[in-house]
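>>> 3D model of this:
(chains A and B)
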Amino acid sequence: MTVARLELRGLSKRFGSFAAVDDLSLTVAPGEFLTLLGASGSGKTTTLRLIAGFDQPTAGAILIDGVDAARQPAFKRPINTVFQQYALFPHLTVRDNVAYGLRMRRVPTGEIADRVARALALVRMQDFATRAPRQLSGGQQQRVALARALVNEPRVLLLDEPLGALDLKLRREMQLELTALNKQLGITFIYVTHDQEEALTMSDRIALMRGGRIEQLGTPRDLYERPSSRYVAGFVGDTTLLAATVVATGDAATLVVAGVSVLAPPPVAPAEPLRAGESVWLSLRPEAVTLDIGAAADAPDAAPSVGINALTGTVREVVYAGPIVKVSVDIAGGVTADGPVLVAVHQPAALPVPALGTPARVTWPVSRAVIVRG
Amino acid sequence: MAERRSPDVAVAPTWLDRVRARPRLRTALTAALPVGWVIATLLLPYLLLLVQSFWRLRDGAITHELTLDNYRRLFGTGLYPRTILYSAGVAARVTIASLLLAYPLAYLLAFGGGRHKQLLYMAVIIPLWVSYLVRAYAWKIILGRQGILNGVLMATGLTHRPLDAFLYSTTAVVLALTHIYTPFALMPIYAVLESIPRALREASQDCYASRWQTFTHVTLPLSLPGVLAGATFAFVLSMGDFIAPQLLGGNDSALMVSNLVWSLFGVAYNWPLGAAVSVVMLVLTLAILWVAGRLEARWNLTGARVSAPASTA
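The predicted structure follows:
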């Protein structure tokens, strides 16, 4: 199998004084599923277009197995792309669309027929070979676009928000199919999306981009459980960010949130060590938080047990979301935060749904909070 | 129901209120003026032309007797079919020349251009604001005996005497008509090229097609509806032209079919025959527009609106 190691080295793309991609370096392992995740304008699509060769970098190198492709035209790179709106040729049948790349490279006719048939079978579109693209649904067009790219046996496959136009159910299906194809074919996938949930489910690693740079690079678990900054914590998954002041550092840092002392594990491999007196943010995932309401919240023995932090407040909002009920709690004592504390209450353990304004206590294990800066 | 109006709605509805209350009547009234205009200035004259073509010319006077003589004479005399064919030949050459000029220019406008795009576009459009006659006369100045072309040739020593070969020839007519109708060919081609998504050309390059292969396999096939619309414009407009042949064609053999119609209605005072020739030309033109419209609809895959006149034919 032709699997490539892809390395971006100091890659930049400037439009006038604006840097769409800013000195970006990244190594992608052979066969890896790497996602470029980011908000619009973060530079993820520009990075993809630079790798594909549709745009020329202002500076930097794009190494494919050690060979710099940055100055090669798109049609000479061993890379194929699945486009956002599929970009199937409207004047060609499904079969001719898939055969296009092989014909352009003058592959022998017999071989073309074989490979096209195999590629269409791979995406289960063999029965649609003679159709025109406009006769296909979005999901089917997506599969054809995938076959058109894969038939060329590229060393790297680029996917530019390929599922953006599909409905939720189909998108979930295609997510599973894409990850399966990545493992089955062993082709390196570089996947661009703004959907953090999609990135978490599909990727081996995620590069979260912001302002043309990589904010954090790591496994989905790294980004979700050990965000390196306030931006990452807020972008990936739901979270509550509480303003906190560091009181003491050590095996567990002591912080003050809204006048209450809480403990949290110190950041893993921080750029600078935590200092006492420093203002930081405490990131709290909803599923890590437990909710006590009414009498339980006021009980005299409500003092937190060892290894548990607690804050009190009132219920502000309750949102029913099927398997879970999302409860927001305003913390007493004028805490600065992005919003109220979010709590995910699982249905089986459901308390009676709390009324708005009910006094509430939120608790979480010390180990489940993350200190972030920024 | 015969019901007495209550005092608070005692104000009688005006005729305007009554019209407003009836949407179909309102639509009809709104459309009346433009529709009436089209009927009065387009359909009615065509109808009169059609009737005229069946009247008989007796002793130099038009009599209201129905006859097919005009059509018999039209197809029986070699002159008319020959002139129609000659006109079609001129129109075909103008069409080909216009397309060869318009396509690369439209391509440059759509995909190249950059910051000069506006300038380039104006360069194409501005000649359209210049009077037709000025443009036709300009060619007289360029091609004439004392013209610019002869001047250049003599100045460079290529010839010693001014040549008469340029002006008053079919080539001069083709040149002038090409100049005049190229913008009409360009605009639909430009519109269709603009409508081709960038991703399609990128997808082609992504699939190992060079720039030239991308052009021949993606851009050109997808732009055919525009090319067809442009060709239709150039062909139909130049086939019906009579001023350029009059000014630059010179002798009788370079006259086009519209010149014949002109003289039949003028000096020859044979309105019925002139009407018959006009009817034949009208039928030919409508047939071309109809075929072109059908083809464009079939080829149009990018959703561009390029066929303003053709699709309505």
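>>> next, the contact list for residue A:273, please.
When the contact criterion is C-beta atoms under 8 Å, 6 or more residues apart in numbering or on different chains, the partners of residue A:273 are A:249, A:266. (Glycine included, C-beta is placed from N, CA and C.)
>>> per-residue confidence for it?
Confidence per residue is given as pLDDT, and for residue A:273 that number is 84.
>>> list the contacts of the closest residue to chain B within the stretch 101-250 of chain A.
Here the residue of the stretch 101-250 of chain A nearest chain B is residue A:101; by C-beta to the nearest C-beta that distance is 3.5 Å. Contacts for residue A:101 were tallied using C-beta under 8 Å, 6+ apart; they are A:80, A:148, A:151, A:152, B:206, B:207, B:208, B:209.
>>> average pLDDT for the longest strand along chain A?
Among the segments of chain A that qualify as a strand by DSSP state E, the longest is strand A:308-321. Per-residue confidence for strand A:308-321 averages out to 84 on the pLDDT scale.
>>> buried sites along that strand?
Neighbour-count burial for strand A:308-321 flags A:309, A:310, A:311, A:312, A:313, A:314, A:315, A:316, A:318 (criterion: 16 or more other C-beta atoms under 10 Å in any protein chain shown).
>>> picking that back up, and the residue of the stretch 101-250 of chain A closest to chain B, what element?
In this structure, residue A:101 sits in helix A:94-104 according to DSSP states H and E.
>>> would the next helix or strand after that helix count as contacting chain B?
Scanning forward in sequence from helix A:94-104, with DSSP H and E defining helices and strands, the next element found is helix A:109-122. No. No part of helix A:109-122 sits near chain B under the criterion C-beta under 8 Å from any C-beta of the partner chain; the closest distance found is 12.4 Å.
>>> and for the helix or strand just after helix A:109-122, what's in contact with it?
Tracing the chain C-terminally past helix A:109-122 and defining elements by DSSP H and E, one meets helix A:138-150 next. Residues from elsewhere that reach helix A:138-150 (C-beta under 8 Å, 6+ apart): A:80-83, A:86-88, A:94, A:97-98, A:100-101, A:116, A:119-120, A:122-125, A:128, A:133, A:136, A:157, A:162-163, A:165-166, A:170, A:173-174, A:178, A:181, A:185, A:187, B:203, B:206-207.
>>> mean confidence score for helix A:138-150?
For helix A:138-150, mean pLDDT rounds to 93.
>>> which other helices and strands does the helix or strand following that helix contact?
Once the chain leaves helix A:138-150, the next helix or strand it forms, by DSSP H and E, is strand A:156-160. When contacts are defined as 3 or more C-beta pairs under 8 Å, 6 or more residues apart in numbering or on different chains; DSSP states H and E, strand A:156-160 sits against helix A:44-52, strand A:79-82, strand A:188-193.
>>> need the winner for burial among those.
With neighbours taken as mean count of other C-beta atoms under 10 Å in any protein chain shown, the helices and strands packed on strand A:156-160 reach their highest mean count in strand A:79-82, at a mean of 27.
>>> skipping adjacent residues, who's closest to residue A:217 in space?
Distances taken as C-beta to C-beta, 6 or more residues apart in numbering or on different chains put residue A:207 closest to residue A:217, at 4.8 Å, once the chain neighbours are dropped.
>>> and the helix or strand hosting the one you found with helix A:44-52, angle?
Using DSSP H and E, the element containing residue A:207 is strand A:205-210. Our comparison of strand A:205-210 with helix A:44-52, counting by axes from the mean of the first three to the mean of the last three C-alpha atoms, to 10 degrees, yields an angle of 120 degrees.
>>> now what about strand A:205-210, what contacts it?
Outside strand A:205-210, the residues that reach it (C-beta under 8 Å, 6+ apart) are A:26, A:32-39, A:42-44, A:47, A:199-200, A:214-220, A:223, A:231-232, A:235-236.
>>> so which residue is dead centre in chain B?
Residue closest to the average C-alpha location in chain B (C-alpha atoms, centre = their mean): residue B:237, at 3.2 Å.
>>> in contact with that one, which residues?
Shown here is residue B:237, whose contacts under the criterion C-beta under 8 Å, 6+ apart are B:181, B:184.
>>> now the element after the helix or strand hosting it, going C-ward?
Following DSSP H and E, the helix or strand that holds residue B:237 is helix B:220-239. Counting by DSSP H and E, the next helix or strand C-terminal to helix B:220-239 is helix B:243-244.
>>> residues contacting whichever residue of the stretch 201-313 of chain B sits closest to chain A?
For the stretch 201-313 of chain B, the residue positioned closest to chain A under C-beta to the nearest C-beta is residue B:207, at a distance of 3.5 Å. Residues near residue B:207 by C-beta under 8 Å, 6+ apart: A:75, A:80, A:100, A:101, A:104, A:148, A:152.
>>> can you rerun that using 7 Å?
When contacts are counted by C-beta atoms under 7 Å, 6 or more residues apart in numbering or on different chains, residue B:207 touches A:100, A:101, A:104, A:148, A:152.
>>> could I get the average pLDDT for the helix or strand that contains residue B:284?
Assigned by DSSP H and E, residue B:284 belongs to helix B:271-299. On average, the pLDDT along helix B:271-299 is 89.
>>> what sits closest to residue A:96 if chain neighbours are left out?
Closest residue in space to residue A:96, ignoring its immediate chain neighbours: residue A:89 at 7.5 Å, by C-beta to C-beta, 6+ apart.
>>> again, but for residue A:29
Leaving aside its sequence neighbours, residue A:29 sits nearest to residue A:5 (C-beta to C-beta, 6+ apart; 6.5 Å).
>>> my guess is residue A:202 meets residue A:33, correct?
Yes. Applying C-beta atoms under 7 Å, one finds residue A:202 in contact with residue A:33, separated by 6.3 Å.
>>> shared neighbours of these two, anything?
Residues touching both residue A:202 and residue A:33 by C-beta under 7 Å, 6+ apart: A:179, A:191.
>>> what helix or strand does the closest residue to chain A within the stretch 51-200 of chain B sit in?
Of the stretch 51-200 of chain B, the residue with the smallest distance to chain A, taken as C-beta to the nearest C-beta, is residue B:199 at 3.8 Å. Element membership of residue B:199, judged by DSSP H and E, is helix B:198-206.
>>> what residues does chain A put near chain B?
Where chain A comes near chain B, counting by C-beta under 7 Å from any C-beta of the partner chain, the residues are A:52, A:54, A:74-75, A:80-81, A:83, A:85, A:87, A:89-91, A:100-101, A:104-105, A:148, A:152.
>>> for residue B:132, what are phi and psi?
Note on residue B:132: backbone dihedrals following degrees, to the nearest 10 are phi -50, psi -50.
>>> in chain A, what spans have low per-residue confidence?
For chain A, residues meeting the criterion pLDDT under 70 lie at A:1-3, A:294-305, A:333-341, A:344-352.
>>> quick one: terminal-to-terminal distance for stretch A:268-282?
Start-to-end span of stretch A:268-282 (C-alpha to C-alpha, to the nearest Å) is 14 Å.
>>> buried ones in it?
Using 16+ other C-beta under 10 Å as the burial criterion, the residues of stretch A:268-282 that qualify are A:274, A:278, A:280, A:281, A:282.
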